[in-house]
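1. Provided below for reference: sequence and predicted model.
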Amino acid sequence: MLEALRNKIDAVDKALIDLLEQRLALVKEVGEVKREHGLPIYVPEREASMLASRREEAQSRGLNPDLIEDILRRCMRESYHQEVGAGSKCLKPALGPIVVVGGAGRLGKRFVDYFKASGYQVEVLEKNDWATAPQQLAKAGMVVLSVPIHNTQEVINALPELPATCTLVDLTSIKEQPLEWMMKKHRGPVLGLHPMFGPDTSSFAKEVILYCQGRGDNEWLVEQMRLWGARLVSVDAAEHDASMGFIQALRHFNSFAYGLHLQSSHVDINKLLTMSSPIYRLELAMVGRLFAQDPNLYADIILSNSQHLGVIKGFRESLDTVIDMLEAKDKAAFVERFRDVCDYFGPLADEFMQESQLLLAKSKDGRAN
């Protein structure tokens, strides 16, 4: 009896695979239509409407709507990845070659792939090719700098004179100084970009790219990246750099200090994991993922702006304040400050609770033991 039921479940699972294959084939066709008509990969309104309809249908059939949404969101994530291959409409076909300096690096290569998929002529310029840079850049329609932060000024200064119509772009995680350097070096259009994601991102859909206007009309490039599904956010360069102290530098510093303390305390991480529920495992994973990456990158991010140290020192003062409460065993003060922070977060606290529950469910599903 049990074996017969399991066989029926297996048959249903195989039917699901057939349906998923059909869905992905349709997604490929959708991607081609979007490319032809210049439509973005990701349309928030369409996604929200579709999910709402499917949830209602699931509810009417006695199914858990959260289950259906989870399945569909995973399907859509794969769909966005599939649509990348179809590319997007080329908004400036007469641009001329796009030269990505550092295009063989992991992040630079992602932009190379996207521009190529969108029909642009793309070339890569690495440090060993610098002798031929004048010839390669002489007819460039756009130059994208994807180099380490500490090399950015040197690379900008070493650029030969670019065509007046060429757009000069950087991908650095600081913006104020690179914009100044680029505008001093180049008389044509200048734009600062900061992709808020790593090179391992499979699709730009739903990812955030910050941009700081320098000079000229760069709206075509902003719109091109929107077609890739990215969310483009315009920000003042000074505001960008101040915000990155909290978004990037403080978070990376905190993860580094946490990992350093674990290592200095000779803690057995495997034992911690054995005793950790999904929430604690996930928090530990967010620390651990830092140490799976290039230490030079994170050192550069933290040290790239003098404001970052001030933010970190302010954090240390907050830690000292909390430690003083604990040493005094002042529970009332702790609760009062806790409530103050709760008021500061406002409705976002409940929203973050819901988001974290989804992350925890996925983390739990992925555990083998």
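-> Yep, it's here. Numbers count the residues shown, from 1 in each chain.
2. so how far is the helix or strand of the chain with the lowest mean pLDDT off the chain centroid?
-> Lowest mean confidence among the helices and strands of the chain (mean pLDDT, DSSP states H and E): helix 65-86, at a mean of 77. With C-alpha atoms, centre = their mean, to the nearest Å as the basis, helix 65-86 stands 17 Å off its chain's centre.
3. Outside of it itself, list whatever touches it.
-> 20, 23-24, 27-28, 30-32, 34-35, 41-42, 47, 50-51, 54-59, 113-114, 117, 202-206, 228-229, 361 (C-beta atoms under 8 Å, 6 or more residues apart in numbering). To be clear about C-beta, it is placed using only N, CA and C from the backbone, and glycine gets the same treatment.
4. Spit out the contact partners of the nearest residue to residue 207 once chain neighbours are set aside.
-> Once flanking residues are discounted, residue 207 sits nearest to residue 197: 4.6 Å by C-beta to C-beta, 6 or more residues apart in numbering. The contact partners of residue 197, taken as C-beta under 8 Å, 6+ apart, are 204, 207, 208.
5. redo that, cut-off 10 Å
-> Counting by C-beta atoms under 10 Å, 6 or more residues apart in numbering, residue 197 touches 107, 110, 203, 204, 206, 207, 208, 209, 230.
6. again, but for residue 195
-> 107, 110-111, 146, 171, 173, 201, 204, 207-211, 225, 230.
7. Next: residue 324.
-> 330, 333 are the contacts of residue 324 under C-beta under 10 Å, 6+ apart.
8. pLDDT weak spots in this structure?
-> By pLDDT under 70, the low-scoring segments of the chain are 82-87, 363-369.
9. Can you select the buried ones from the contacts of helix 65-86 in PyMOL?
-> Only the buried entries of the contacts of helix 65-86 go into this PyMOL selection, using 16 or more other C-beta atoms under 10 Å:
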select buried, resi 27+30+31+34+35+41+42+47+51+54+55+58+114+117+203+204+205+206+228+229
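10. Which residue ranges of the stretch 251-369 of the chain form helices?
-> 269-274, 278-288, 295-303, 306-327, 331-345, 348-366 (DSSP state H, counting those that start in this stretch).
11. same for the fifth one, what does it pack against?
-> What that stands for is helix 331-345. Judged by 3 or more C-beta pairs under 10 Å, 6 or more residues apart in numbering; DSSP states H and E, helix 331-345 is in contact with helix 306-327, helix 348-366.
12. and those as JSON lines, adding distance to residue 79?
-> Listed next are these as JSON lines, based on distance: least, C-beta to C-beta, whole Å:
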{"stretch": "helix 306-327", "distance to residue 79": "38"}
{"stretch": "helix 348-366", "distance to residue 79": "18"}
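13. Nearest to residue 280 among these would be which one?
-> Evaluated with C-beta to C-beta, those place helix 348-366 nearest to residue 280, the distance being 10.3 Å.
14. which residues touch the nearest residue to residue 230 once chain neighbours are set aside?
-> Nearest residue to residue 230 in three dimensions, chain neighbours excluded: residue 204, at 4.4 Å (C-beta to C-beta, 6+ apart). By C-beta under 10 Å, 6+ apart, the contact set of residue 204 is 41-42, 80, 84, 110-111, 114, 195, 197, 225-231.
15. Please apply the same query to residue 326.
-> Residue 326 touches 333, 334, counting by C-beta under 10 Å, 6+ apart.
16. hang on, residue 208 packs against residue 234?
-> No - here residue 208 does not reach residue 234: they are 11.7 Å apart, not a contact under C-beta atoms under 10 Å.
17. Can you give me the buried ones in the helix or strand following the least confident helix or strand of the chain?
-> Next along the chain after helix 65-86, taking DSSP states H and E as the criterion, comes strand 98-101. Residues of strand 98-101 classed as buried by neighbour count (16+ other C-beta under 10 Å): 98, 99, 100, 101.
18. what does stretch 314-322 give?
-> Buried-residue list, stretch 314-322, by 16+ other C-beta under 10 Å: residue 315.
19. ok, residues contacting it?
-> 245, 246, 249, 250, 253, 254, 257, 333, 334, 337.
20. one more time with 8 Å
-> 250, 253, 254, 334, 337.
21. Domain ranges for the protein, per the record?
-> 2-86, 98-235, 240-366 (automatic domain parsing).
22. Which stretch among those is buried most, on average?
-> Ranked by average neighbour count under the criterion mean count of other C-beta atoms under 10 Å, the domains of the chain are headed by domain 98-235 at a mean of 19.
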